[in-house]
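Visitor: A structural model of the following input is requested.
(3 chains)
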Amino acid sequence: MSEETIAIEDLNAEQAARELARLAAEIGDHDRRYHTEDAPVVSDAEYDALKRRNLAIEARFPDLKRADSPSDRVGGGILEKFEKVTHRVAMLSLDNAFSEEDVRDFVERVRRFLKLDTQAPLAFTAEPKIDGLSLALRYEEGKLVTAATRGDGAVGENVTANAKTISDIPHVLSGTVPEVIEVRGEVYMTKSDFAELNRRQEAEGKQTYVNPRNTAAGSLRQLDTSITASRPLKFFAYAWGDTSGLPADTQLGVVECFAAWGFVVNPLMKRFETVEGLLEQYRLIESERAELAYDIDGVVYKVDDLSLQQRLGFVSRSPRWAIAHKFPAEKATTVLKDIEIQVGRTGALSPVARLEPVTVGGVVVSNATLHNEDYIAGIGSDGQPIREGRDLRIGDTVTIYRAGDVIPKVMDVDLSRRPKDSAQYVFPETCPACGSPATREVNEKTGRMDSVRRCTGSLICPAQAVEKLKHFVSRNAFDIDGFGAKQAEAFYNAELVKNPAEIFTLQTRDEASLTRLKNRDGWGEQSAANLFDAIEARREIDLHRFIYALGIRHVGEGNAKILARVYHSARGFVDAMEAAGDHESEAWNDLVNIDGIGPIVAQALAEFFAEPHNAAIVEQLLEEVQPLDAEQVATDTAFSGKTIVFTGSLERMSRDEAKAMAERLGAKTAGSVSKKTDLVVAGPGAGSKLKKASELGIEVIDEDEWFTRIGE
DNA sequence: GGCCCTCGAGTTCA
DNA sequence: CTCGAGGGCC
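Guide: Below is the predicted model:
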């Protein structure tokens, strides 16, 4: 295309029109080869360059845009980002079974819950668990309106345009369908399509992909729909979410309807009346696993009768009526090259195994956690030997597996291949970063030694300082744009930011520091200005984020929110914590009486603020940032300043809601009844607290009375 | 004292 | 994601 590649600004209208026509034909040709013949003749980069040039010319000569412009073509849209979609029915995960015994237990649990005796009939479905990514397809009046990824189960991403490029996904359902139905299933890539894709990548000298699952996930999350369209994705339908009415009353029946509507359903899904039937199907699927066209990682069993499913309901995040029987985790053998000690934000010394890289479950693993020193020595957390006392040594040949198919773990050691000169690993008793003694605390409650060894140099340890800084800027804390973990470490090492307060004085620092900042690799005036803007934007911050960001031991997001709610303002919180250093004080008493805060957490807070260095940094921070007071609470209600205890099971609200409600009305909530308690709201099943309340002569009301009093 | 649940902390790879 | 610890409750 040598002579045609005239700079766009030099094109005249006639040349532009000619080139647009040429581009339309050429891009259309590539699309055809790519999508239908699966045999592209240009690289993705060249193809993208053509599309960009087409877009640029259209931008300069909008009137010349052709009716068949490639930029309008379906499968050619490029999105900025995916929109969020809130699932109307949460996409839950499944409980796992790892042995036949687990499966028998599961069936027993279901029977017990339904109060069925062992003879009563109870049917389950069994189907392979596809190793892909789940997708929810919402159809209204038979038309596909939204496709959403699972996300965190509650909120996913809208990938409708991409889902529409998958041929297994009907745009319109055939036959009689409910007005609204959300069909759920798994997007996957077959093993042979994956291999073919990699062959193509290799032929073009491009990077190859690691495994079909990740590739399928990556393909579905492309902002450029034409890329998704070019990938050979497939879909199995096997479940549902929100619906105006189901077409059948059994699991299998509904899935059969899916097939009738035009979905592809897995042929290995079957119905069984007995546990033995399920287990036989498991063994059958396992024996055929290698020959299947797609990757699977287990077999899913579900109660077939939907009315029983409904009765069974859910436990925390998974349905009580289904379980995933996982295949044994893939194992691999490799050499433990070294043991490195990392120092965490709280000073925890955690050993990490450096491994000879090895492929496990489709990914190359070169690091694995070793938990703590007892794990290396072969002692379990209960004091019992694991690996029958075989310890791990540098140079050992070890087996590793990926727990839950994600986190690699070192499982066992092959003693027959242990080098003769190997020595028992000696866990350091001083911090590798600062040299301070590293000790194991004794748990006062149980008298047992803590499983983690901690560096005691919290104030001088550079490793802890860096980790604290990373925590401070992390996503749920200050979340400063362009100041992530990597920058935190770099800025610390460059001595530009040594503690959180210094982030906010960066811009007003002396000339020399600013020059050093701007002269850093890849930095300049503009990047520095962007960073300063991002920092400015965070000078106002929610109080709970502020508390969480301090990185106090035992104070995570949950406890930070509790504290923010109780103390309202940063000043109030800090003053109370400093006063709580005295265990005789009212401040301490109030603190340990907060529902959710016990003596350990209270002690950690008091200790943090008793340390002058910490207190000083908090004060410096408060000069730089303005934590926003937590939700204003009323001071003029009947409950202002009162301490309320909720006990027993509450039926019209969750305990958290109840507490939030009381606190909005100006009350304090506590976990236990004392003579400071003003009111006890007791639901059914209240025990000792109710008794104590009557002993102390404290007023007790039930939930209904509570709602009456607050006027709802 | 023991059981159950939630929260915190640490970790891997694409 | 998983493990262990802390907290609440019986």
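Visitor: any residues touching stretch A:522-533, and which ones?
Guide: Stretch A:522-533 has contacts (Cβ atoms under 8 Å, 6 or more residues apart in numbering) with A:481-483, A:506-507, A:514, A:517-518. Every residue, glycine included, has its C-beta placed from N, CA and C.
Visitor: most widely separated two among the residues you listed?
Guide: Greatest spatial distance among those (Cβ to Cβ): A:481 and A:514, at 19.4 Å.
Visitor: re the thing from before, now, of the contacts of stretch A:522-533, which are buried?
Guide: Neighbour counting over the contacts of stretch A:522-533 (16 or more other Cβ atoms under 10 Å) leaves A:483, A:506-507, A:517 as the buried ones.
Visitor: let's have those residues in CSV, adding distance to DNA strand C.
Guide: Converted to CSV, those look like this (distance: Cβ to the nearest atom of the strand, whole Å):
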residue, distance to DNA strand C
A:483, 23
A:506, 31
A:507, 35
A:517, 34
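Visitor: for these, which one is nearest DNA strand B?
Guide: residue A:483 (18.1 Å; Cβ to the nearest atom of the strand).
Visitor: domain map for chain A?
Guide: A:8-72, A:95-326, A:329-456, A:462-538, A:543-628, A:643-709 (automatic domain parsing).
Visitor: how about TSV for those domains, with distance to residue A:84 and mean pLDDT added?
Guide: As requested, the domains of chain A are exported to TSV (distance: least, Cβ to Cβ, whole Å; pLDDT from 0 to 100):
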stretch	distance to residue A:84	mean pLDDT
domain A:8-72	26	65
domain A:95-326	5	88
domain A:329-456	24	82
domain A:462-538	16	86
domain A:543-628	20	90
domain A:643-709	24	71
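Visitor: got the residues of chain A near DNA strand B?
Guide: By Cβ under 7 Å from any atom of the strand, the residues of chain A that approach DNA strand B are A:209-210, A:214, A:218, A:315-316, A:342, A:344-348, A:350, A:352, A:363-369, A:406-408, A:467, A:553-560, A:596.
Visitor: so what's the residue nearest to residue A:84 when sequence neighbours are not counted bridging to?
Guide: Of all residues not flanking residue A:84 in the chain, residue A:155 sits nearest, at 5.3 Å (Cβ to Cβ, 6 or more residues apart in numbering). Residue A:155 forms beta bridges with residue A:86, as assigned by DSSP bridges.
Visitor: pretty sure residue A:155 sits against residue A:87.
Guide: Yes - proximity of residue A:155 to residue A:87 meets the contact threshold set by Cβ atoms under 8 Å, at 7.0 Å.
Visitor: those two: which is more packed in?
Guide: With neighbours defined as other Cβ atoms under 10 Å, residue A:155 and residue A:87 compare such that residue A:87 has more, 22 against 15.
Visitor: any idea how far that one is from residue A:150?
Guide: Distance, residue A:87 to residue A:150, using Cβ to Cβ, to the nearest Å: 8 Å.
Visitor: likewise residue A:174?
Guide: 27 Å.
Visitor: neighbour count for those two, which is higher?
Guide: Using other Cβ under 10 Å, the more surrounded residue of residue A:174 and residue A:150 is residue A:150, with 19 against 10.
Visitor: which ones are touching the more buried one?
Guide: Residue A:150 neighbours (Cβ under 8 Å, 6+ apart): A:91, A:133-136, A:156.
Visitor: what do you get if the cut-off is 7 Å, keeping everything else the same?
Guide: A:91, A:133-134, A:156 (Cβ atoms under 7 Å, 6 or more residues apart in numbering).
Visitor: return the member of these nearest to residue A:23.
Guide: Once Cβ to Cβ is applied, the member of those that ends up nearest residue A:23 is residue A:133, at 34.4 Å.
Visitor: and the longest helix seen in chain A, how far out from the chain middle?
Guide: Ranked by residue count and defined by DSSP state H, the top helix of chain A is helix A:13-31. Using Cα atoms, centre = their mean, to the nearest Å, the mean C-alpha position of helix A:13-31 is found 45 Å from that of the whole chain.
Visitor: what comes up buried for it?
Guide: If you call a residue buried by 16+ other Cβ under 10 Å, then helix A:13-31 has these buried ones: A:16-17, A:19-20, A:23-24, A:26-27, A:30-31.
Visitor: next: stretch A:704-712.
Guide: Buried residues in stretch A:704-712, counted by 16+ other Cβ under 10 Å: residue A:706.
Visitor: and whichever residue of the stretch 51-200 of chain A sits closest to DNA strand C, what pLDDT?
Guide: Closest approach between the stretch 51-200 of chain A and DNA strand C, counting by Cβ to the nearest atom of the strand: residue A:93, at 5.0 Å. Per-residue confidence for residue A:93 comes out at a pLDDT of 77.
Visitor: that one reaches residue A:319, doesn't it?
Guide: No - counting by Cβ atoms under 7 Å, residue A:93 stays clear of residue A:319, with 9.5 Å between them.
Visitor: coming back round to it: just the buried residues from the residues of chain A next to DNA strand B, in PyMOL please.
Guide: To isolate the buried subset of the residues of chain A next to DNA strand B in PyMOL, counting by 16+ other Cβ under 10 Å, use the following:
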select buried, chain A and resi 209+344+345+346+347+348+350+365+368+369+408+467+553+555+559+560+596
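Visitor: next, count neighbours for residue A:267.
Guide: Neighbours of residue A:267 (other Cβ under 10 Å): 10.
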